[in-house]
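Student: sequence unknown, structure follows:
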């Protein structure tokens, strides 16, 4: 396995990502959209999720595919970003046909970034406009770090952000991940100088800091975020994708496997105060010759991509005025 040409989820042909952010409010929205509808499912492992239209992603539900997936800041307010995306897709002629009607299907998940130092005293919910703007920016190239849904994200010790990574398997199938990293837990080891995900790094894609040399179990330091926010303000939301032809049930299995990458990259993860969620998408370009074996490989690749994407999100976070937590690079003296 090797990263794809862009090392982004958009190495999968037919997928694009768009970001929109509001620096004053320290929040934003990210959209994953397909050139055509794609098969999708979801796995939720956190105790405090916020979602829209995820029931239709269950394998026994009739919706054959979706037009886009939305990751957004804003807690419950951010679910309205999907409405902006849905409206724009409808205007573009997209949508699931129901006799003479069309209904764009846009599942969404949100993270809590309402207490991160940004101005949240709005008179009108900003997220429909952010969703529409993110869709308008959708492309195969996009920036990481303090972007989109990761604009106001925070980890236990440092600023979070938006991350992505990809892998091309030996059989030519491509797998990718997209994630907004805002967990209760820490993405770095107790020293604060190494990523838990270091074992998954290719080259120096998130700094080449290497594994923590401290042997054995190390207790986690007190969370800066927890001290400032009193147990609220969490959730890591992600999408993993492949160009393989998968059913909704197989997509669900891919999403379940991808959660392993989240657990490797964030400690602790899947807590009662996190709404940890992974969407899985399949564009269906490539058939599987040995479905069971290849699905296992795809799930493993999705977990590796997600762990790497989480570290990349934190590595690329940028400092901004009014931040309540430092970036990792600031603490390492690299900014």
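Tutor: Cool, the structure landed. Computed from a predicted model, the values in this text were never measured in an experiment. Numbering: from 1, shown residues only.
Student: counting contacts, what elements does the strand ranked longest in the chain pack onto?
Tutor: Secondary structure of the chain per DSSP state E: the longest strand is strand 27-44. Secondary-structure packing of strand 27-44 (3 or more C-beta pairs under 8 Å, 6 or more residues apart in numbering; DSSP states H and E): strand 15-22, strand 66-72, helix 81-91, helix 127-136, strand 174-181, strand 237-244, helix 248-265, strand 277-286. Where you see a C-beta, it was placed from the backbone N, CA and C, and this is true even at glycine.
Student: Within the sheet, what are the partner strands of the second one, with directions?
Tutor: Using DSSP bridges, the strands paired with strand 66-72 in its sheet are strand 27-44 (antiparallel), strand 108-110 (parallel).
Student: wait, which of those is closest to residue 283?
Tutor: strand 27-44 (5.1 Å; C-beta to C-beta).
Student: Adjacent strands (with direction) for the very next helix or strand once past that closest one?
Tutor: For strand 27-44, the following helix or strand on the C-terminal side (DSSP states H and E) is strand 51-52. Taking DSSP bridges as the criterion, strand 51-52 forms sheet pairs with strand 108-110 (antiparallel).
Student: tell me the average confidence for the strand it pairs with?
Tutor: What strand 108-110 shows for mean pLDDT is 98.
Student: Tabulate the helices and strands packed on strand 27-44 (a markdown table), appending mean neighbour count.
Tutor: Converted to a markdown table, the helices and strands packed on strand 27-44 look like this (neighbours: other C-beta atoms under 10 Å):
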| stretch | mean neighbour count |
| --- | --- |
| strand 15-22 | 24 |
| strand 66-72 | 30 |
| helix 81-91 | 23 |
| helix 127-136 | 24 |
| strand 174-181 | 32 |
| strand 237-244 | 31 |
| helix 248-265 | 23 |
| strand 277-286 | 24 |
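Student: for this protein, what helix or strand is lowest in average pLDDT?
Tutor: Scoring the helices and strands of the chain by mean pLDDT, DSSP states H and E places helix 224-229 at the bottom, with a mean of 73.
Student: element containing the nearest residue to residue 258 once chain neighbours are set aside, please.
Tutor: Leaving aside its sequence neighbours, residue 258 sits nearest to residue 302 (C-beta to C-beta, 6 or more residues apart in numbering; 4.0 Å). Residue 302 belongs to helix 291-315 when assigned by DSSP H and E.
Student: what is the mean pLDDT for that helix?
Tutor: The pLDDT scores in helix 291-315 average 97.
Student: So which elements touch that helix?
Tutor: Using 3+ C-beta pairs under 8 Å, 6+ apart, helix 291-315 is in contact with strand 161-168, strand 174-181, strand 237-244, helix 248-265, helix 328-331.
Student: Go ahead and name everything in contact with the last one.
Tutor: Under the contact criterion C-beta atoms under 8 Å, 6 or more residues apart in numbering, helix 328-331 has outside partners 158-159, 188, 192, 314-315, 317, 319, 335.
Student: Please work out how many residues are found near residue 99.
Tutor: For residue 99, the neighbour count with other C-beta atoms under 10 Å is 5.
Student: What distance do you get for it to residue 34?
Tutor: Going from residue 99 to residue 34 by C-beta to C-beta, to the nearest Å gives 23 Å.
Student: ditto for residue 205
Tutor: Computed as C-beta to C-beta, the residue 205 to residue 34 distance reads 25 Å.
Student: same deal with residue 51?
Tutor: Separation of residue 51 from residue 34 (C-beta to C-beta): 20 Å.
Student: Name the residue in those two with the higher neighbour count.
Tutor: residue 34 (22 against 19).
Student: hang on, the earlier thing: just put the strands paired with strand 66-72 in a markdown table and tack on distance to residue 173.
Tutor: Conversion of the strands paired with strand 66-72 to a markdown table gives the following (distance: least, C-beta to C-beta, whole Å):
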| stretch | distance to residue 173 |
| --- | --- |
| strand 27-44 | 15 |
| strand 108-110 | 25 |
